[in-house]
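1. have a look at this prediction, sequence included:
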Amino acid sequence: MSSAKKKVIVSACILGEQCRYDGKTKKLNAVTEALKEYEIIPFCPEAPLFGTPRERINVVEIDGQNRIITDETNKDVTLRLEKEITAFMDEHKEVDKIVLKAKSPSCGYHTTPILNLDKEVQKLGSGIAASMLSRRYKEIIIEDENSLSKLER
C-alpha cells in the first residue's frame, strides 16, 4: 500500500482541459510538472452542469450569504453547484493536496471577487468549491497555481 501515489485535486482548466466558461483553458505546464509524483484528479464543477462554453457566473453576496449567480440571466445556481461538488467530494474521500484556479467563482481561494447585487466588487473571498473543499478537507492546505509555482521551485 505504501507504493500508492499521493492524490491531488487540481482545477481541470490549469491541467489543459477546455472547460472554462469561454471554452478555453488556462493550462500551466509548471503545475503538471510540479505534481508529477501525484495521482492527479481533475476537477471542474461547472462544466458537467452547464456545458462549455457557457454563461459566466459570479459570487454575489445576498443577505450576508455568498450565492452563485449567472452573469446575464441572473439565475441562482448555488444549489446545483453544491450538489455537484458534494458528489465529487464523496467520490474522492481522501486526498493529500489541492491546487485550484485563482480568482475563479468556483475554485478561487481567498482570491475571488465577491460582488454586491449591482455587480460591484466588494471584497475578495473564496469560490463555492474552494469553500466547500476547505470545510471537507480541513487538514489539507489549499493552494492556487500561483502559490504552487512559488512553493515547488
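-> Happy to help now that I have it. Residues are numbered from 1 along each chain as shown.
2. quick one: the helices in the chain, in order.
-> Assigned helices in the chain, in chain order: 12-15, 29-34, 46-50, 78-91, 128-136, 145-151 (criterion: DSSP state H).
3. so which of these gets nearest residue 100?
-> With Cβ to Cβ as the criterion, residue 100 lies closest to helix 128-136 of the helices of the chain, at 5.6 Å. Quick note: C-beta positions are derived from backbone N, CA and C, even for glycine.
4. contacting residues around the closest one?
-> Applying Cβ atoms under 8 Å, 6 or more residues apart in numbering, the external contacts of helix 128-136 come out as 9, 43, 45, 59, 66, 68, 78, 81-82, 85-86, 89, 98, 100, 104-109, 112, 126, 140, 142.
5. for that helix, buried residues please.
-> Within helix 128-136, the residues that count as buried by 16 or more other Cβ atoms under 10 Å are 128, 129, 130, 131, 132, 133, 134, 136.
6. return the member of those nearest to residue 13.
-> Closest to residue 13, out of all of the buried residues of helix 128-136 and judged by Cβ to Cβ, is residue 129, at 12.2 Å.
7. in space, what's closest to the closest one - neighbours in sequence excluded?
-> Leaving aside its sequence neighbours, residue 129 sits nearest to residue 106 (Cβ to Cβ, 6 or more residues apart in numbering; 4.4 Å).
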